[in-house]
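Engineer: Structure for the following, please:
(one chain, ligands or ions: 2)
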Amino acid sequence: MEKNIDESIQGSTLVLDSKAENTKKLFIESYGCQMNFNDSEIVASILAEQGYNTTDSLEHADLVLVNTCSIRDKAEQTVRKRLEKYQAVKRMANPEMKVGVLGCMAERLKEKFLEEEKIVDLVVGPDAYKDIPNLLKEVEAGRDAVNVILSRDETYADVNPVRLGGGGITAFVSITRGCDNMCTFCVVPFTRGRERSRDPYSILNEITDLVEKGYKEVTLLGQNVDSYLWYGGGLKKDFHKASEIQKATAVNFAQLLDMVAKAHPALRIRFSTSNPQDMTEDVLHVMAAHKNICKHIHLPFQSGSTRILKAMNRQHTREEYIELVDKIREIVPDCALSHDIIAGFPTETEEDHQDTLSLMEYVKYDFGFMFVYSERPGTLAARKLEDDIPEAIKKRRLQEIVALQQQHSAYNTKRMLGKTVEVLIEKESKKDANEWSGRTSQNMVAVFPKENYKAGDFVMVEITDCTTATLIGKAVGYSENHKSENSSTYG
Ligand code: 5AD
Ligand code: SF4
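Structural biologist: Numbers count the residues shown, from 1 in each chain. Ligands and ions are numbered 1, 2, ... in the order given. Model prediction:
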C-alpha cells in the first residue's frame, strides 16, 4: 500500500448513471484527496438536477470541470497540464465547451485563474458548489463567473452525492469540512476554510441510504475527523458561544462513531484523517468495542523531531506522539497505523531527519504517504521561513524514508503469513482476472482466487504468501461476522 503521492497524483473521471431527461454532458475529473472525490460526487449530483449527465469524452462535453488540489506545487502543475489538454480539445474538436475549475486551486487563485488560464470560464471554491447553477447562467450569458466565498456552515448535508468510485461496495461520507489546525506548511485552512461539522442525523441518513443500496463499507471523511463536534451548526471555533443546551447535547467524534457502528452492525466503518493532538482515548475505546470499525488509523506525524514539529505548529511533541501510539497498541492491539511524512521542512537538520527515521523504526507503520516539502504561498512557513533545504537533500531524505517504509511494509505483510483474516471483496484483481482483490480490516490489500465468491462478500482468507504491500491467499469460507448479508449462495 505504501506510495509516494507526489509521484502518483492521478486524475479520475467520474461517470454516473444517466437521467433519461438530461441532454447536456458533463465531464468532471478530480485530483488530490478523498474529500475532493467526494465533493465531485456532490457537484455531479447538483448538476444532474440542471440537465447534465456525465460523460468520459472530452470531445462531447458541454461542460468540463476539474476539481483541483493545491497541497503541493506538483499537484497544481498537474492541473495546469490538464487545462492545456482541454484547450487543445476545445480548439480542435469542441469549440463550444465551457471549462470550470473547482476546489482548492480555485480558492487559492480566485479571479487570477481567469487571467492566467484563458480557457477557464468558471471558478468555484469548495464551499460554493450550490451556486454552480447560477454561475452557469452567467457563463451562458457570456460573462466570467467566480464564487470563492468560504462559508461558516456549508456542509452539503442536504445533497445526496451520486456514487461513482466504489463499485457499489465502498463509499465516502464527509463529516467535517475545513481545518482549524493551521499547520504552518499547509494551504488547506486557506483553501477549505474554518472547520465545521455536519449534522450527525444527516450523516446517519446518508449511511442508511447507502446500506439500503447494498454498500458494505463507508469511510467517514474530514481533514481532521477526531475534532468533529456537532452542536447545532456553525464553526468549531465558535463552540464557546453555544448555549448550555447545545453544549450538553453536542456530539463528538467518539459518539458519532459509536452511533454509526451501532446503527449498522454489518457495515464496515473506516475514518480518515486523524491528527494526534485531537485523537481522544474515547475514540480508541469505541474502536475496540465494535467489530465493524476497521482497525486502522491514519495518523500523520510529519516529522519525528520535536523542534520541527514546533516549527510546523503541530501542537504535539515526538514523545506525545509515541505515548499516543503506545495507547493505541494497548487499547486496540491489532490496529494498523499509517502516516504522512514531510522531508526537508525548512531548517531540518540531518539529526532531525534521523529522528523521523527512528520514530518510523519505533512504530513500524503498515504504510504511509511521503512527500518532500513544497512551499505554499500564503502559509506561515512561506512567510516566515526560508525554504532552505536543497532539493537534492530533500530528495535523498525522502528516498531514505521511502526505503525504510518499504522494509516496514514488508515486515508487516510477512507477519500475516499463515493467518486467516476477514476480507471485503471490492473488485477483480488488476493482475489476474481469475482473482478477487479486497482489503482487510487493517487496510491491507489481499488477492485470492475468485471461486464462487462475489464482489461485496465478506470472506475469510488464509494468507499463504505476500509481496511488500499485498497479501496473497485462499478463501476458506464466509466471515461469521457477516453471514446474513453475504452472497445468497451462502452455505
Ligand atoms: N509540502 C509537502 N507536503 C505537504 N502536505 C501538506 N502540505 C504540504 C506541503 N506544503 C502533506 C502533509 C499532509 C498531507 C495531506 O500532505 O503530510 O498530512
Ligand atoms: Fe493541513 Fe494540518 Fe489541517 Fe492537515 S491538520 S489539513 S496538515 S492544517
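Engineer: hey, where'd the helices end up in the stretch 51-200 of the chain?
Structural biologist: Along the stretch 51-200 of the chain, counting by DSSP state H, counting those that start in this stretch, helices occupy 73-92, 104-109, 112-116, 132-140, 188-192, 200-212.
Engineer: before we move on, which element is the closest residue to Lys364 other than its chain neighbours in?
Structural biologist: When the adjacent residues along the chain are set aside, Lys364 lies closest to His408, with 4.6 Å between them (Cβ to Cβ, 6 or more residues apart in numbering). The way it works is simple: take the backbone N, C-alpha and C, and place the C-beta from them, glycine included. Here His408 sits within helix 391-414, counting by DSSP states H and E.
Engineer: My guess is the residue nearest to Lys364 contacts Leu359. True?
Structural biologist: No: His408 is not in contact with Leu359 according to Cβ atoms under 8 Å; the separation is 11.6 Å.
Engineer: So which residues on the stretch 51-200 of the chain come close to ligand 2?
Structural biologist: Residues of the stretch 51-200 of the chain lying close to ligand 2 (Cβ under 6 Å from any ligand atom) are Cys179, Asn181, Met182, Cys183, Cys186, Val188, Pro189.
Engineer: Make JSON lines from the residues you listed and add pLDDT and distance to ligand 1 to it.
Structural biologist: As requested, those are exported to JSON lines (pLDDT from 0 to 100; distance: Cβ to the nearest ligand atom, whole Å):
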{"residue": "Cys179", "pLDDT": "95", "distance to ligand 1": "10"}
{"residue": "Asn181", "pLDDT": "93", "distance to ligand 1": "10"}
{"residue": "Met182", "pLDDT": "94", "distance to ligand 1": "12"}
{"residue": "Cys183", "pLDDT": "97", "distance to ligand 1": "7"}
{"residue": "Cys186", "pLDDT": "97", "distance to ligand 1": "4"}
{"residue": "Val188", "pLDDT": "95", "distance to ligand 1": "7"}
{"residue": "Pro189", "pLDDT": "94", "distance to ligand 1": "11"}
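Engineer: Most neighbours of all those, which one?
Structural biologist: Val188 (25 neighbours; other Cβ atoms under 10 Å).
Engineer: pretty sure that residue contacts Ile71?
Structural biologist: Yes: here Val188 reaches Ile71: they are 7.1 Å apart, a contact under Cβ under 8 Å.
Engineer: Are there residues contacting both of those two? Which ones?
Structural biologist: Listed as contacting both Val188 and Ile71 by Cβ atoms under 8 Å, 6 or more residues apart in numbering are Cys104.
Engineer: Need the per-residue pLDDT for the residue in the stretch 201-350 of the chain positioned nearest to ligand 1.
Structural biologist: Taking Cβ to the nearest ligand atom, ligand 1 has its nearest neighbour within the stretch 201-350 of the chain at Asp340, 3.3 Å off. We have a pLDDT of 97 for Asp340.
Engineer: Quick one: the helices in the stretch 201-350 of the chain, in order.
Structural biologist: Under DSSP H, counting those that start in this stretch, the stretch 201-350 of the chain gives helices at 244-248, 253-263, 281-289, 306-311, 318-331, 350-363.
Engineer: With mean neighbour count added, can I get those helices in TSV?
Structural biologist: Below are the helices of the stretch 201-350 of the chain laid out as TSV (neighbours: other Cβ atoms under 10 Å):
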stretch	mean neighbour count
helix 244-248	11
helix 253-263	20
helix 281-289	18
helix 306-311	19
helix 318-331	16
helix 350-363	17
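Engineer: okay if I get the ones you listed as JSON lines plus mean pLDDT and distance to Val123?
Structural biologist: Below are these laid out as JSON lines (pLDDT from 0 to 100; distance: least, Cβ to Cβ, whole Å):
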{"stretch": "helix 244-248", "mean pLDDT": "94", "distance to Val123": "36"}
{"stretch": "helix 253-263", "mean pLDDT": "98", "distance to Val123": "33"}
{"stretch": "helix 281-289", "mean pLDDT": "98", "distance to Val123": "37"}
{"stretch": "helix 306-311", "mean pLDDT": "98", "distance to Val123": "33"}
{"stretch": "helix 318-331", "mean pLDDT": "98", "distance to Val123": "39"}
{"stretch": "helix 350-363", "mean pLDDT": "98", "distance to Val123": "38"}
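Engineer: And those: which comes nearest ligand 2?
Structural biologist: It's helix 306-311; of the helices of the stretch 201-350 of the chain, that one is closest to ligand 2 (Cβ to the nearest ligand atom) at 11.5 Å.
Engineer: Where does the record place the domain boundaries for this protein?
Structural biologist: 8-147, 166-414, 420-490 (automatic domain parsing).
Engineer: Reformat those as a markdown table; add distance to Glu154.
Structural biologist: Output for the domains of the chain, formatted as a markdown table (distance: least, Cβ to Cβ, whole Å):
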| stretch | distance to Glu154 |
| --- | --- |
| domain 8-147 | 5 |
| domain 166-414 | 7 |
| domain 420-490 | 30 |
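Engineer: so which of those gets nearest Ala157?
Structural biologist: Nearest to Ala157 among those is domain 166-414; the distance by Cβ to Cβ comes to 3.9 Å.
Engineer: can you give me phi and psi for Val476?
Structural biologist: phi -120, psi 10 (degrees, to the nearest 10).
Engineer: How confident was the prediction at it?
Structural biologist: 97.
Engineer: now swap in Ser487 and tell me
Structural biologist: Reported pLDDT for Ser487: 45.
Engineer: ok, now Thr440?
Structural biologist: 98.
Engineer: now it: how far from Val461?
Structural biologist: Taking Cβ to Cβ, to the nearest Å as the measure, Thr440 falls 8 Å from Val461.
Engineer: And for Lys431?
Structural biologist: The separation that Lys431 has from Val461, given Cβ to Cβ, amounts to 16 Å.
Engineer: What is the end-to-end distance of stretch 408-425?
Structural biologist: 25 Å (Cα to Cα, to the nearest Å).
Engineer: buried sites along it?
Structural biologist: For stretch 408-425, a neighbour-count test (16 or more other Cβ atoms under 10 Å) marks His408, Ser409, Asn412, Thr413, Met416, Val421, Glu422, Val423, Leu424, Ile425 as buried.
Engineer: Ok, stretch 426-435 next?
Structural biologist: Glu426, Glu428, Ser429, Glu435.
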